[in-house]
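Peer 1: Have a look at this prediction, sequence included:
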Amino acid sequence: MRLASAEKLSNGGLAFVRQRRLPVIHKGEPTDCELVADVVVEEALILEIKSVQAIHPLNEAQLLTYLKISGLRVGLILNFNETRLIEVSVAGCSDQ
């Protein structure tokens, strides 16, 4: 996440962690793999920051995987490859 965006979250009084490492568990056992979410805000929201021509279903699948691994239920994909923010994907993860 750009420094300016991090400063806005801080100024807004929001706790966040950049580059949150998410351990991968397979069949109940830890693996030597981990995934990295761009930003976790208030331990409640995963932000994935992109600068792409369009959000692809793979980006959405990535976010859903992060939500499942982290146990969080809400995520946003923000695409900054526009002159104004017009494309935002929101994902929710059920308790299943």
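Peer 2: Okay, I see it. None of these values were measured; they are calculated from a predicted model.
Peer 1: pLDDT at residue 5, what is it?
Peer 2: You'll see residue 5 listed with a pLDDT of 63.
Peer 1: no wait, residue 65
Peer 2: The model's pLDDT for residue 65 equals 90.
Peer 1: Which residues are in contact with it?
Peer 2: When contacts are counted by CB atoms under 8 Å, 6 or more residues apart in numbering, residue 65 is found next to residue 35. From N, CA and C alone the C-beta is placed, and that goes for glycine too.
Peer 1: quick one: it from residue 81, how far?
Peer 2: According to CB to CB, to the nearest Å, residue 65 stands 22 Å off from residue 81.
Peer 1: Convert the single longest helix found in the chain to CSV, retaining C-alpha atoms only.
Peer 2: Ranked by number of residues, the top helix in the chain under DSSP state H is helix 57-70. C-alpha atoms of helix 57-70 as CSV (Å, rounded to 0.1, in the frame of the first residue of the first chain):
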residue,chain,number,x,y,z
PRO,A,57,-11.9,-13.6,-11.3
LEU,A,58,-8.5,-14.9,-10.2
ASN,A,59,-8.2,-11.7,-8.1
GLU,A,60,-11.5,-12.5,-6.5
ALA,A,61,-10.5,-16.1,-5.9
GLN,A,62,-7.3,-14.9,-4.2
LEU,A,63,-9.2,-12.7,-1.9
LEU,A,64,-11.7,-15.4,-1.0
THR,A,65,-8.7,-17.7,-0.2
TYR,A,66,-7.2,-15.0,2.1
LEU,A,67,-10.6,-14.6,3.9
LYS,A,68,-10.9,-18.4,4.4
ILE,A,69,-7.4,-18.8,5.7
SER,A,70,-7.6,-15.7,8.0
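Peer 1: All good on my end, thank you.
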